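here is the input, now give the coordinates:
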Amino acid sequence: MKNKIENRILYEDLKGKIVLVTGGSSGIGFAMAAAFSANSCKVVIVGRDRGRLRQAERKLGGDVTTFAFDLNQIDKVPGLIKKISGSVGEIDVLVNNAGINLKKDAVSVSDQEYEQIILSNQTAVFSLTREVARSMVHRRSGSIIMISSMASSYGIPKVVAYTASKSAVEGMTRALAVEWSPRGIRVNCIAPGFIRTAMSSKALDTDPERKSRVLNRTPLGRLGEPADVANAALFLASSQAQYITGVVLPVDGGNSIGF
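This is a model prediction of the structure:
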């Protein structure tokens, strides 16, 4: 694959850094975990599925530690971070990748369903970020990477809760960047476009008309690969991006500017 992340050091300054990736056992999250692992980082993956976590750990090899945890258990998040810090070390890079979606007509979305998406994609993200940042502020060093979505910029039907949650993540990125960057913490966000994952492939391959619309609107004329997002995360976490904070970076092949 042309843009495959090679098993070599891309950013020397990231060697040995402790990187926490939520939802890193599959899809884009796994690609990011693999990229940091290949760059000789100490990777910590948090996810809910123990089986997937064990599988990811076996696939990645290297210095990888996994923690089975439901981030919706907000009251237990401080304990999780203390456990990670005690067993692995203080976190240098946080990648907030975990999230859920709900595709449903807006008039049929219940308050409970809406709140669940907001809890997982927004409240839990803030809670985890705040706890990780406590140590970063003390050390005056750290990089936080949020994962948003093209849904935050587009009007996409049937995903109102997901859209609201990701729009909030982008606003949170800017607010935290302004507050924490003077303390040595950079906060940035990646907004992936149509990326080739098992889930997206299944959806697009069964709907040729939709796939055609997607590709026609994407100037690069193809779907992105998880490695494209992973490469962006590596760059934003590294000292090569030391003067970049508070940005939302589309990794979408130009889809957001396509016509």
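
Thr66: what's it in contact with?
25, 44-47, 53-54, 56-57 (CB atoms under 8 Å, 6 or more residues apart in numbering). (C-beta placed from N, C-alpha, C; glycine too.)

from these, pick the one nearest Arg186.
Of all the contacts of Thr66, Val44 has the smallest distance to Arg186: 19.3 Å, by CB to CB.

okay, and the beta partners of that closest one?
Leu20, Thr65 (DSSP bridges).

so how far is Gly79 from it?
Counting by CB to CB, to the nearest Å, the gap from Val44 to Gly79 is 15 Å.

do the same with Gly171
Taken as CB to CB, the span from Gly171 to Gly79 is 28 Å.

measure the closest residue to Leu71 other than its chain neighbours to Ala227 for me?
Sequence neighbours aside, Ala124 is the residue nearest to Leu71 in space, at 4.2 Å (criterion: CB to CB, 6 or more residues apart in numbering). Look at Ala124 and Ala227: by CB to CB, they are 26 Å apart.

list the contacts for Leu204?
Leu204 touches 194, 210-211, 214, 223, counting by CB under 8 Å, 6+ apart.

mind listing what's buried along the host helix or strand of Arg134?
Using DSSP states H and E, Arg134 sits in helix 124-139. Residues 124-129, 131-133, 135-136 are the ones in helix 124-139 that count as buried (16 or more other CB atoms under 10 Å).

any chance of those residues in a markdown table, with pLDDT too?
Conversion of the buried residues of helix 124-139 to a markdown table gives the following (pLDDT from 0 to 100):
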| residue | pLDDT |
| --- | --- |
| Ala124 | 98 |
| Val125 | 98 |
| Phe126 | 98 |
| Ser127 | 98 |
| Leu128 | 98 |
| Thr129 | 98 |
| Glu131 | 98 |
| Val132 | 98 |
| Ala133 | 98 |
| Ser135 | 97 |
| Met136 | 98 |
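
surely Ser239 touches Lys15?
No - at 11.6 Å, Ser239 does not count as touching Lys15 under the criterion of CB atoms under 8 Å.
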